[in-house]
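1. Give me a 3D structure for the following:
(2 chains)
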Amino acid sequence: MRWSRTFIHTLRQDPADAEVVSHRLMVRAGMISKVAAGIYNYLPLGLRSIARLERIIREELEKAGSAELLMPAIQPAELWQESGRWSQYGPELLRIKDRHDRDFCFGPTHEEVITDIVRREIRSYRQLPVNLFQIQTKFRDEIRPRFGLMRGREFIMKDAYSFHADAADLDVAYRAMEAAYRRIFERCGLDYTTVEADTGNIGGSESHEFMVLADTGEDAIMSCACGYGANVEKAATGEIEAAPPWPGEIPGAPEPVATPDQKAVEDVAAFLKLDPAHFIKTMIFETDEEFVAVLIRGDREINEVKLKNALDCTHLQLASPEKIEKVTGGPHGFSGPVGLADLKIVADPTVMALAVAATGANAADTHLVGVVPGRDFEPDLVADVNLAAAGDPCPRCGKPMVERRGIEVGHIFKLGTKYSVPMRCTFLDAEGNEQPCIMGCYGLGVGRTVAAAVEQNHDDRGIVWPLPLAPYEVVLVMLNADRPEVVEAAGALYERLREAGLDVLLDDRPERPGVKFNDMDLIGFPVRVVVGKRGLDNGEIELSLRRDGERRSAPIGDAVDAVRGLLHELRSELPA
RNA sequence: CGGGGUGUAGCGCAGCCUGGUAGCGCACCUGCCUUGGGCGCAGGGGGUCGGAGGUUCAAAUCCUCUCGCCCCGACCA
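-> Below you'll find the predicted structure:
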């Protein structure tokens, strides 16, 4: 392709609304442009990178035994009503009506449609398993879209779904898809890790996320040298170090002490000359139907995702100070479990491990010391609601874990029968009994993966594309476009490179050299070939790799081989 | 949805406080010049100042309402 025939318009300045580097650079490089909040055009250059990733995805998924299909973006409400998600999904589901006033939605995901497809055809265990995928545009009306392609409302996703006769067969597909994902991200040259994940409101028994490591990632992940890794929402810990010994005697009953204006645990601890770990922090939450007092050791934080799972509720929020006062009898900041007879109490194991503790007295400016868990209060539920933190012991090996940030580019689930039961997607087993299909689902954010690649591969001049995702592998820069001999030589070389099957863009613009070089660096083509009058006088061209910029010359007659050599050098570092 | 910003030429911004002919840089067009890292000179085109209403002799500027966009938070296969 010639630059003058495609549509590449770079920006000299950063767009005012771009915050993260991938968003900034992709807009500046003329790969994407914004239409509305979280809705983008994929311009020719951006689409080429997307298409290259899609090709890798198709190859690996087909190898893993998944067949491609394409489902509609617009879905009828009836299917969502069958699964129950029409009422559960909330405002993130973009609902629309047709001219007959019938309800539809723009699909944020396709469990309902795929389940409908499969249930129409599958009758027997002999027809299973089924594994299907699509690459398709999704719409989720996110509360806060941001970061360009990283969190769009409309976005391209690869979603796959598998249907099985039993859990063992699902496991086979799950492992195959996991391996396919690994190959996809490895082929893209991305530095990633897999972590155990919470299943969220998709449900299911097992779930892994694929995280591209980047400081700007929206997810926190805990990991350990032993191989354990988990999204912080899900992360367990080994046994948390015990609180220091209680100073002094353990009283026979809790004793109230005055703590005027002392609310935060650190302040009260300092005031009472205790360690924060001696405290029981009591947080009052409000669920769909009740108030809950949640107890965590004073030096720890609550993990709301774990709490939501422990309570098995869909909505959860901290209660307002007014409501806290109403349900506990004491003001915000002085809550404690003792005497909270009417409230459900959930305690983290770190709390129950305390021999004796201090906590709020449910009265203004008062705390209780000498509270003994089990003696002075009894929780309704003991559950791990502890937020893992850097340095906490690994649940597998006990060594300290580290916290890193990641971009969630893939998420795979064992769904079980969450959709097949309500939607009656069943088959007859070998004994002639009707059984629901066991399902798995497998998502991969296509635009997000490309953005993550930029996030991970750039410098202060622009993008440094990993070869497999570059919009063009090679750019041929025609300098001195006013010189007929240069135009002729560059044009001829361009044809030779094309005939050799190379993926090359010819920059034939009559721009000054500085403009061209800056654009090449900004867009980040892996291999750059320069034809200019200076080199041409010696019959030479200049080659360089974007990642190191080191320039080397070659006779123009050897140009094709020289380019191939550089591409080979880049390819040899990637899996086949 | 709560908090904080912002909207003026294609892009990035000033002007607003203190009302009085709408500006700057880049980009674009013409000519000359220059040509290996975002040249130089000269000339030129382009804006319902997000929208509606109000105050005023006069509104980009003040007031009210409204819409878009951005950031933080809650939210999120």
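2. Quick one: residues contacting A:L70.
-> A:Q134, A:Q136 (Cβ atoms under 8 Å, 6 or more residues apart in numbering). All C-beta spots, glycine's among them, are computed from the backbone N, C-alpha and C.
3. can you tell me the helix or strand for it?
-> Remark: A:L70 resides in no helix or strand, with elements defined by DSSP states H and E.
4. Distance-wise, check it relative to A:M401.
-> 42 Å (Cβ to Cβ, to the nearest Å).
5. What sits closest to A:G447 if chain neighbours are left out?
-> A:L149 (3.9 Å; Cβ to Cβ, 6 or more residues apart in numbering).
6. Can you give me the neighbour number for A:G501?
-> 9 (other Cβ atoms under 10 Å).
7. Now do it against RNA strand B, distance only.
-> 25 Å (Cβ to the nearest atom of the strand, to the nearest Å).
8. swap in A:L61?
-> 14 Å.
9. Name the nearest residue to that residue, sequence neighbours excluded.
-> Counting by Cβ to Cβ, 6+ apart, the residue nearest A:L61 is A:F133, at 5.3 Å.
10. helix or strand right after the helix or strand where the one you found lies?
-> Secondary structure assignment for A:F133, by DSSP H and E: strand A:130-139. Counting by DSSP H and E, the element after strand A:130-139 in chain order, helix or strand, is strand A:154-164.
11. Which of the three states applies to the residue nearest the centre of chain A?
-> Taking Cα atoms, centre = their mean, the centroid of chain A lies closest to A:E408, which sits 1.7 Å from it. Following DSSP: H, G, I helix; E, B strand; the rest coil, A:E408 is assigned to strand.
12. Pretty sure A:F210 sits in a strand.
-> Yes. Under three-state DSSP, A:F210 falls within a strand.
13. count of neighbours near the nearest residue to it once chain neighbours are set aside?
-> In this structure, A:F210 finds its nearest non-sequential neighbour in A:G410, 3.6 Å apart by Cβ to Cβ, 6+ apart. A count of nearby residues for A:G410, using other Cβ under 10 Å, gives 25.
14. For A:G410, give me its contacts.
-> A:Y181, A:I184, A:F185, A:E209, A:F210, A:Y442, A:G443, A:L444, A:G445, A:T449.
15. end to end, how far does stretch A:278-294 reach?
-> Stretch A:278-294 has its terminal residues 16 Å apart, counting by Cα to Cα, to the nearest Å.
16. Sorry, slip of the keys, the one I care about is stretch A:96-105.
-> End-to-end distance (Cα to Cα), stretch A:96-105: 5 Å.
17. Quick check: buried residues in stretch A:557-574?
-> A:A559, A:V560, A:A562, A:V563, A:R564, A:L566, A:L567, A:L570 (16 or more other Cβ atoms under 10 Å).
18. Please work out the average pLDDT along the strand or helix carrying the second one.
-> Assessed by DSSP H and E, A:V560 sits inside helix A:559-571. Per-residue pLDDT values over helix A:559-571 give a mean of 97.
19. Just list the residues touching the residue nearest to A:R498 when sequence neighbours are not counted, thanks.
-> Nearest residue to A:R498, sequence neighbours excluded (Cβ to Cβ, 6+ apart): A:V504, at 6.3 Å. A:V504 is in contact with A:M1, A:Y472, A:E473, A:V474, A:V475, A:L476, A:Y494, A:L497, A:R498, counting by Cβ under 8 Å, 6+ apart.
20. check the contacts of A:G410 against RNA strand B, which are close?
-> With Cβ under 7 Å from any atom of the strand as the criterion, the contacts of A:G410 include A:G443, A:G445 near RNA strand B.
21. RNA strand B: which of the contacts of A:G410 is nearest?
-> A:G443 (2.2 Å; Cβ to the nearest atom of the strand).
22. Neighbours of that closest one, how many?
-> A:G443 has 23 nearby residues by other Cβ under 10 Å.
23. The strand or helix carrying it versus strand A:130-139: what angle between them?
-> In this structure, A:G443 sits in strand A:438-445 according to DSSP H and E. Between strand A:438-445 and strand A:130-139, the angle comes out at 40 degrees (axes from the mean of the first three to the mean of the last three Cα atoms, to 10 degrees).
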